[in-house]
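**Student:** coords please:
(one chain, ligands or ions: 2)
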Amino acid sequence: MFKRHRRLRINENLRNLVQENKLSVDDFIYPLFAQEGHDTKNEVKSMPGVFQMSIDKILEEVEELKKLGIYSIILFAIPDVKDSIGSECLDEESIISRCIKAIKKEYKEMFIVTDLCFCEYTDHGHCGILDLENNTVNNDATLEISCKQALVHAKAGADMIAPSGMMDGIIESLRKTLDENGFYNLPIMAYSSKFSSAYYGPFRDVANSTPSFGDRNSYQMNPANSREALSESIEDEKQGADILMVKPALAYLDIVKELRQTSNLPIAVYNVSGEYAMLKAAKAAKLVDYDRIMLETLLSFKRAGADIIITYHAKEAAILLRKAK
Ligand code: PBG
Ligand code: ZN
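**Tutor:** Ligands and ions are numbered 1, 2, ... in the order given. Coordinates of the predicted model:
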């Protein structure tokens, strides 16, 4: 009788030896939200454990991350002032700039990724300069100011730029601008297949970036399309992306798997706000074993082929992984 599978599950050491995928704290990028002010730390209702923080509080948070062994963060900023083109983020004294510098001053070893977009900075909440005639975002005008924003991040000391606005040609434009300004060693992580998803709902509460009218369907991807996701990703790779990303993660693991078979670049997934909020809500309702479900979810990203996991669970997962050792 065939017994090999059961034989290999018979004790824990053996199970560990034959385990195909492993989670590690090195896989994680932890999102942080910076806001103006001093000594402020507001928890987001739908996302317990996630806060909007003033820069001094962000520094305390970074200290905690270091203790947990988490050395990569992705930074978002929530400005006090918004306008039609998001001018705040084009200023070298922008909140994101000040935040990057403050972290780098005390924690050189922290790897800082910056999300590059305009929806947090525009009064209309869309990801770029509006093209009202066509009821969408003006692609090329947005490319121009995206390059300016990238230089603000780079000059402040960002370690990697992650454009999330889904503008066509953004990778090529950013690469050219960064290279021309001496930042040829600064990698770009492309939000290469970013779907127009309801899973971003809680994030938009944190970042105050809900569009004041319409939706993002004319620039983010249709959740029904997988060939298009590959096409977007291949295009970003050609234009010079260093890392590709699939976002959201959980409902799009088929895309991760296909992309893994198509590209040899590192792949990141963004385990987004709605995915986090669902698990937190299930935990609060005592419906699930939260810790196990969380680790199982994170592991599924590795199994699908992701190398990097951007996740609000990073701190909790780091603690559990440490205990498991
Ligand atoms: C900005 C941006 C969004 C997210 C990351 N960068 C929101 C959006 O596109 O509306 C979502 C992250 C999350 O839901 O956790 N464009
Ligand atoms: Zn945006």
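**Student:** ok, Ile293 - contacts?
**Tutor:** Neighbouring residues of Ile293 by Cβ atoms under 8 Å, 6 or more residues apart in numbering: 279, 282. Where C-beta positions appear, they are placed from N, C-alpha and C, glycine not excepted.
**Student:** following element in sequence after the helix or strand where it lies, please.
**Tutor:** Assessed by DSSP states H and E, Ile293 sits inside helix 290-304. As assigned by DSSP H and E, the chain's next helix or strand after helix 290-304 is strand 308-311.
**Student:** which residues does that following strand contact?
**Tutor:** 27-31, 74, 243, 245, 249, 266-271, 276, 298, 301-302, 317.
**Student:** quick one, which of those residues are buried?
**Tutor:** Listed as buried from those are 27-31, 74, 243, 245, 249, 267-271, 276, 298, 301-302, 317; burial here means 16 or more other Cβ atoms under 10 Å.
**Student:** quick one: list the elements packing against the strand or helix carrying Ile73.
**Tutor:** Element membership of Ile73 [criterion: DSSP H and E] is strand 72-78. Using 3 or more Cβ pairs under 8 Å, 6 or more residues apart in numbering; DSSP states H and E, the elements in contact with strand 72-78 are strand 28-35, helix 95-106, strand 111-116.
**Student:** do you know which of these lies nearest ligand 2?
**Tutor:** Set against ligand 2 and scored by Cβ to the ion, the helices and strands packed on strand 72-78 come closest in strand 111-116, at 8.1 Å.
**Student:** in the sheet, which strands lie alongside whichever helix or strand comes after the closest one, parallel or antiparallel?
**Tutor:** Downstream of strand 111-116, the first helix or strand assigned by DSSP H and E is strand 130-131. As defined by DSSP bridges, the strand partners of strand 130-131 come to strand 136-137 (antiparallel).
**Student:** buried sites along the helix or strand just after the partner strand?
**Tutor:** Per DSSP H and E, the first helix or strand lying C-terminal to strand 136-137 is helix 139-156. Neighbour counts over helix 139-156 (16+ other Cβ under 10 Å) mark 139, 142-143, 145-147, 149-154, 156 as buried.
**Student:** any chance of these in CSV, plus distance to Thr311?
**Tutor:** Shown next, in CSV, are those (distance: Cβ to Cβ, whole Å):
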residue, distance to Thr311
Asn139, 30
Thr142, 28
Leu143, 29
Ile145, 29
Ser146, 25
Cys147, 29
Gln149, 24
Ala150, 24
Leu151, 29
Val152, 26
His153, 22
Ala154, 25
Ala156, 24
